[in-house]
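**Student:** below: sequence and its predicted model.
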Amino acid sequence: MKLYFSSPKRTDIFKLSAFLLLTTSAFATQATEQQVEQQATSKANQAANETVNEATAAKSPNKPLSDEQQANQVLNNLHLYAANADWDKYFGLYTKSAIFIGTDATEYWNMAQFEQYARPTKGWHYTLKERKTVRHENVIVFDELLDSTSYGLSRGTGTLILTKDGWKIAQYHLSFPIPNDLAKNITRLIEAHRKNKDTAQ
């Protein structure tokens, strides 16, 4: 008895090829997604471990924070407490005789004046972009660039001094850096505003 096998149709071959291609692509996509997820998890775990290690090292009596690290911690806390409107902790970072210089030419405040301004508010948010510190014995001067949602690029400069209670801020000056190309236009606006204000008075 002879057996006859019919040849597969060309359309069937195309369908089978398409099915195999889609199946292979699906497996490849799934494998890629799993790899990405594994890499992300690995990086997150690594970052978490590094954070734990840094925190452990900071707390370790064998590895105390350097003076520069302590000063940076004070400035980091300054922005954190201001964002949370935690004024008791915020003003605890300053010396009693500290001065805060604001962006307005009239804002040269001692701590009592600055507290009168700050405590009724809900705080302010400045995110650190970069910071430079220079130490001169028991004094550290700093310059930091900040990002503000309200004002954009801002600059904070000032001085910390070493006291019996650690590093404290003796002066902080907040300003808005002006690109040189815009400086004349901006200063003209400021001068016109000042003259109008003087005339109104």
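**Tutor:** That came in fine, so what should we check first?
**Student:** any idea what Gly158 is bridged to?
**Tutor:** Here Gly158 shows beta-bridge partners Phe142, Tyr172, assigned using DSSP bridges.
**Student:** this structure: helices as residue ranges?
**Tutor:** Taking DSSP state H, the helices of the chain run over residues 10-59, 67-83, 87-91, 111-118, 180-200.
**Student:** what is the neighbour count of Asn72?
**Tutor:** By other Cβ atoms under 10 Å, the residues close to Asn72 number 20. C-betas here are computed from N, CA, C, even on glycine.
**Student:** next: Gly156.
**Tutor:** Neighbourhood size, Gly156 [other Cβ under 10 Å]: 19.
**Student:** and the nearest residue to it once chain neighbours are set aside, what's its pLDDT?
**Tutor:** Leaving aside its sequence neighbours, Gly156 sits nearest to Glu144 (Cβ to Cβ, 6 or more residues apart in numbering; 4.8 Å). Listed pLDDT for Glu144 reads 98.
**Student:** residues contacting Glu144?
**Tutor:** The contact partners of Glu144, taken as Cβ atoms under 8 Å, 6 or more residues apart in numbering, are 75, 128-132, 155-157.
**Student:** correct me, but Ala83 touches Lys122?
**Tutor:** No - at 9.6 Å, Ala83 does not count as touching Lys122 under the criterion of Cβ atoms under 8 Å.
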